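Enquirer: Just to be clear, the model below is a prediction. Sequence and coordinates:
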Amino acid sequence: MDTLFLMRAFVCVAETGSFTAAASRLDMTTSYVSRAVSTLEDHLRARLLHRTTRRIALTEVGQRYLQRCEEILRYIDEAEAEASQAQARPAGNLKIHSMTGIGQHYLINAAAEYSEKYPDVSFDLTLANRTTDILDEGYDLSVVIARDLPDSGFISKCLGKTYSVLCASPSYVAKHGFARQPADLAKQRCLRLINAAMSQDRWLLDGPDGEELVTVSHTHFQVNTSDAMTVALKAGMGIGALPFYTALPGLQDGSLVRVLPEHTLFPLDVFALYPSRQYLDAKIRTWVEFLRDYMPQRIEADERRLLECSRWPDGKTEETP
C-alpha cells in the first residue's frame, strides 16, 4: 500500500470538493480516486469523508487528518525540491580525503579558489597517507596518488601525473660529494620515504639513458611523510626522494639541491575517486570538474619552476663542475 499516494488522493479530494475534480487534477479515473480514499479509511479504521450523491464533507477526524497530511506532504515536497536542487546548485559540506602531500600542496589552494566561485560549499578535508573506504567513512571524494587503481567500483578521474626527485642539503653534498650516476648511490647515505605508492628498497631511476634500478638496502633514516623527509634532508642526513612539488620550495630557496637532476623516479598518477556517476551531487561534480582543470595547470607550472631551479644560470645542471 502506497500510503503517500493515498494521502495525496485524500488531500486532493478535500481541496477540490469532489472525486471527479480530484481525478481530473491527478489524471486518474474517478473510481480509482474513490477506491484510494476508501483504502485509506480502511487502513485507518476511521471515516474521513461524509459522502452524499450531491456533495462530500470532511468528518471531524478527516479535518484533523487533513492538517497532518498537508504538513507531511509539504515536508516531503520540500525535501524532494532540496534533493533535486542539489543536482543543480553546488551547496553544503564537501567531505574529502586526500593523501597528505598532494593535499597540502594543491588541494587547500584549490579549495580557496573554488570557494570564490561556489561560496555555498564548505570543506571538510582529511589528510592521511592511506587508502580509505569512501562509503564506510562517509567521504564524498578521495584524492590519491598511485600507479594503478584496484577494481573498487568507484568512479575515477585522472587529475595529472607526478613523480619524485632525489634531493640533499648543500652541506651534505659538500661533505660527501655528488652522486654522478645512479650506481654512485650505493656509496651514499640514502633516506627512505615509507609510502604505499612507492617501493621502499628499490629506486627505479628514469634518465637520459633509460631506466636503471638501484637497490637501497641499508638506510640511515626512514620516515612516513614527505614533509618530515624534507626536514631530514635539510638537516644533512643524506639523499632521499621527494615528490617534486614537495621538494620545490627547498630547491628554490637553496636549502636543498637536486641529486642526479636528469633523473626522476616513482612516476604516479593523481586520481579523484567518488562513489557514483548517476545523480551526482552538484558540489561533487563541480569540484571534480574544477580539479581536472586546476591540477594539470598547477603541476605543469611547478614542473617549469623545478627545471629552472635545477640549473645554474649558465644552463648547466647543479652537479656539473
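Expert: That came through fine. Numbers count the residues shown, from 1 in each chain.
Enquirer: List the buried residues for the least confident helix or strand in the chain by mean pLDDT?
Expert: Sorting the helices and strands of the chain by mean pLDDT, DSSP states H and E puts helix 60-86 at the bottom, at a mean of 82. Across helix 60-86, burial judged by 16 or more other CB atoms under 10 Å covers 62, 65-66, 69, 86. For the C-beta atoms, the positions are set from N, CA and C on the backbone; glycine is no exception.
Enquirer: Now flag whichever of these is closest to Met7.
Expert: Taking CB to CB as the measure, Cys69 is the one of the buried residues of helix 60-86 closest to Met7, at 4.6 Å.
Enquirer: if I look at the closest one, how far off is Leu4?
Expert: 9 Å (CB to CB, to the nearest Å).
Enquirer: Could you report the neighbour count for Thr215?
Expert: By the criterion of other CB atoms under 10 Å, Thr215 has 11 neighbours.
Enquirer: Next, it: phi, psi?
Expert: phi -90, psi 130 (degrees, to the nearest 10).
Enquirer: Can you tell me who the most centrally placed residue in the chain pairs with across the strands?
Expert: Residue closest to the average C-alpha location in the chain (CA atoms, centre = their mean): Leu141, at 3.0 Å. Counting by DSSP bridges, Leu141 is bridged to Ile96.
Enquirer: Contacts only, for it.
Expert: Counting by CB atoms under 8 Å, 6 or more residues apart in numbering, Leu141 makes contact with 94-97, 134, 272-274, 284, 287-288.
Enquirer: Just give me the closest of the residues you listed to Thr225.
Expert: Once CB to CB is applied, the member of these that ends up nearest Thr225 is His97, at 15.7 Å.
Enquirer: which regions of this protein sit below the pLDDT cut-off?
Expert: For the chain, the stretches with pLDDT under 70 are 1, 82-88, 151, 196-200, 217-218, 277-279, 310-321.
Enquirer: one more time with 50
Expert: Across the chain, the ranges flagged by pLDDT under 50 are 312-321.
Enquirer: in its sheet, what does the longest strand seen in the chain sit against?
Expert: Scanning the chain for the strand with the most residues, using DSSP state E, yields strand 155-168. Next to strand 155-168 in the sheet, as set by DSSP bridges, lie strand 239-243 (antiparallel), strand 257-259 (antiparallel), strand 264-274 (antiparallel).
Enquirer: Just put those in CSV and tack on distance to Tyr75.
Expert: Output for these, formatted as CSV (distance: least, CB to CB, whole Å):
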stretch, distance to Tyr75
strand 239-243, 49
strand 257-259, 62
strand 264-274, 29
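Enquirer: now the nearest residue to Phe221 once chain neighbours are set aside: how far from Leu280?
Expert: Using CB to CB, 6 or more residues apart in numbering and skipping the chain neighbours, the partner closest in space to Phe221 is Leu191 (4.6 Å). Distance, Leu191 to Leu280, using CB to CB: 42 Å.
Enquirer: who's more crowded, these two?
Expert: It is Leu191, of Leu191 and Leu280, that has more neighbours when counted by other CB under 10 Å, with 22 against 17.
Enquirer: Wait, a helix at that one?
Expert: No: counting by DSSP: H, G, I helix; E, B strand; the rest coil, Leu191 is located in no helix; its state is strand.
Enquirer: Report the beta-bridge partners for it.
Expert: Under the criterion used (DSSP bridges), Leu191 bridges to Phe221, Gly240.
Enquirer: And what about the closest residue to Leu66 other than its chain neighbours, helix, strand or coil?
Expert: Spatial nearest neighbour of Leu66, chain neighbours left out: Ala14 (5.2 Å); criterion: CB to CB, 6+ apart. Of the three states, Ala14 takes helix according to three-state DSSP.
Enquirer: just Thr286 next, same as before
Expert: Going by three-state DSSP: Thr286 is helix.
Enquirer: residues in contact with it?
Expert: By CB under 8 Å, 6+ apart, the neighbours of Thr286 are 90, 114, 118.
Enquirer: Identify the residues contacting the residue nearest to Phe221.
Expert: Contacts of Leu191 by CB under 8 Å, 6+ apart are 219-223, 229, 232-233, 237-240.
Enquirer: again, only using 10 Å
Expert: 167-168, 216, 219-223, 229, 232-233, 237-242 (CB atoms under 10 Å, 6 or more residues apart in numbering).
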